[in-house]
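Chemist: Kindly return the folded structure for what I paste below:
(one chain, ligands or ions: 1)
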Amino acid sequence: MVSVAILGAAGGIGQPLSLLMKLNTSITKLNLYDIVNVPGVAADISHIATNAEVKAFLGPTQLADAVTNVDLAIIPAGVPRKPGMTRDDLFKINAGIVKSLVEAIAENSPKAIIAIISNPVNSTVPIAAEILKAKGVYDPKRLFGVTTLDVVRASRFVRDIRPELDATTLRVPVVGGHSGNTIVPLLSIASSPIKLSTEERDALTHRIQFGGDEVVKAKDGAGSATLSMAYAGARFADSIIRALGGESVVEPTFIPLAADPEGAKQIRELGAGDLEFFAVTVELGKEGVKSIVQLPTSNLTGFELKAIAVAAEALTTNISTGVNFVK
Ligand code: APR
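Modeler: Residues are numbered from 1 along each chain as shown. Below is the predicted model:
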């Protein structure tokens, strides 16, 4: 019985994400919004025989209706990364898009859970927080940046060098942020022990941090990850939906640490310091974040602690870039 809006539904991520959401049997209403092409996408997907009612909303005049009475709003709108562009190059365009979409959600579904995919997530999530604060409806438990692709890549890339492991069940905690060296995979505390030489550890860490570049390069000018990102977005949305339905669900994500100040203490001690936002693993409930899952921190290596310090420094800048954009 969940209502979901996808904003940017006609894009490279938006279309496969909309398809995967149409297959989610807990969704009863699926509002697809974009500034182009969305009627065709919605008509196409609407024929799939699940119970979700699919509706198209095209352009700014239909934005308010698209986000009225929704439980979850997922935002993949934006421009994708082209070769030579970093995620941060995308900032100016995507910042403006996210700002206008979050304003509309704040005005029309102030209690909706918001999941942001538009990059750079390290800055777009702080932008959303500022907008929600300005509108007087900020609840840090209900605002998320989708980092699921980082843990998905971590599991898969580990299996590439350790084929005896099962990529579908292996869990590697990833903390920090969602771009380059802000992504910190904690390989030493993965759900199965992974024995790595120093060279393997360095190469694997780098590959998880910069995995998105492999896709940008292979697409040769046509954009960044869309299909794997849509899969990751759908997995994250499904976790939120199950939590809204009363299940207790554990999920990695980029959140305001104010969502669980007590649970955040450990993360701050690890090197997040005063940072307001960080990627952590959370337990989700009906109200959004229930708690931050505590890590077996005494097992972390010096390499990982140093990587967290590097991430925290870069994140400080990314977060202020977002906050200053709004201010
Ligand atoms: N409102 C709604 N949708 C918008 C807006 C807007 N103001 N501006 C752009 N869009 C839509 C586009 O029309 C397009 O359909 O967002 C969609 C983006 O799709 P693509 O250009 O194919 O980009 P995609 O590869 O899906 O990436 C989108 O996700 O991972 C991030 O870095 C990526 O920030 C980028 C975003």
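Chemist: ok, and the closest non-adjacent residue to Pro110?
Modeler: Val137 (3.9 Å; CB to CB, 6 or more residues apart in numbering). Quick note: C-beta positions are derived from backbone N, CA and C, even for glycine.
Chemist: Tyr138 belongs to a strand, doesn't it?
Modeler: No: counting by DSSP: H, G, I helix; E, B strand; the rest coil, Tyr138 is located in no strand; its state is coil.
Chemist: how about low-confidence regions in the stretch 1-150 of the chain?
Modeler: The stretch 1-150 of the chain contains residues with pLDDT under 70 at 81-82, 87-88.
Chemist: and whichever residue of it sits closest to the ligand, how far is that from Leu90?
Modeler: Nearest to the ligand in the stretch 1-150 of the chain, going by CB to the nearest ligand atom, is Gly11, at a distance of 2.0 Å. Distance check for Gly11 against Leu90: by CB to CB, to the nearest Å, it reads 13 Å.
Chemist: Could you check how far Phe236 is from Glu130?
Modeler: 22 Å.
Chemist: same thing with Val172?
Modeler: For Val172, the distance to Glu130 equals 31 Å [CB to CB].
Chemist: end-to-end on stretch 2-18?
Modeler: The first and last residues of stretch 2-18 sit 14 Å apart, counting by CA to CA, to the nearest Å.
Chemist: Sorry, slip of the keys, the one I care about is stretch 70-85.
Modeler: Stretch 70-85: ends 34 Å apart by CA to CA.
Chemist: buried sites along it?
Modeler: Buried residues in stretch 70-85, counting neighbours by 16 or more other CB atoms under 10 Å, are found at Val70, Asp71, Leu72, Ala73, Ile74, Ile75, Pro76, Ala77, Gly78, Val79, Pro80, Arg81.
Chemist: Ok, stretch 240-259 next?
Modeler: 240-244, 249, 251-259.
Chemist: ok, now how distant is the closest residue to Gly59 other than its chain neighbours from Thr68?
Modeler: Closest residue in space to Gly59, ignoring its immediate chain neighbours: Ile35 at 5.5 Å, by CB to CB, 6+ apart. Computed as CB to CB, the Ile35 to Thr68 distance reads 18 Å.
Chemist: again, but for Asp213
Modeler: Separation of Asp213 from Thr68 (CB to CB) stands at 39 Å.
Chemist: How about Gly273?
Modeler: In this view, Gly273 and Thr68 are 39 Å apart by CB to CB.
Chemist: likewise Ala234?
Modeler: As judged by CB to CB, Ala234 and Thr68 stand 23 Å apart.
Chemist: Settle it for me: which of the two has more neighbours?
Modeler: Neighbour comparison, Ala234 and Thr68: the larger count goes to Ala234, with 20 against 17 (by other CB atoms under 10 Å).
Chemist: The more buried one: helix or strand, and which one exactly?
Modeler: Element membership for Ala234 (DSSP states H and E) is helix 227-244.
Chemist: how about the helix or strand following that helix, does it reach the ligand?
Modeler: As assigned by DSSP H and E, the chain's next helix or strand after helix 227-244 is strand 249-256. No: Strand 249-256 lies out of reach of the ligand by CB under 6 Å from any ligand atom, never closer than 13.0 Å.
Chemist: I'd like to know which elements strand 249-256 is packed against.
Modeler: When contacts are defined as 3 or more CB pairs under 8 Å, 6 or more residues apart in numbering; DSSP states H and E, strand 249-256 sits against helix 121-134, strand 143-145, helix 148-161, helix 227-244, strand 277-285.
Chemist: tell me the most buried of those?
Modeler: strand 143-145 (a mean of 28; mean count of other CB atoms under 10 Å).
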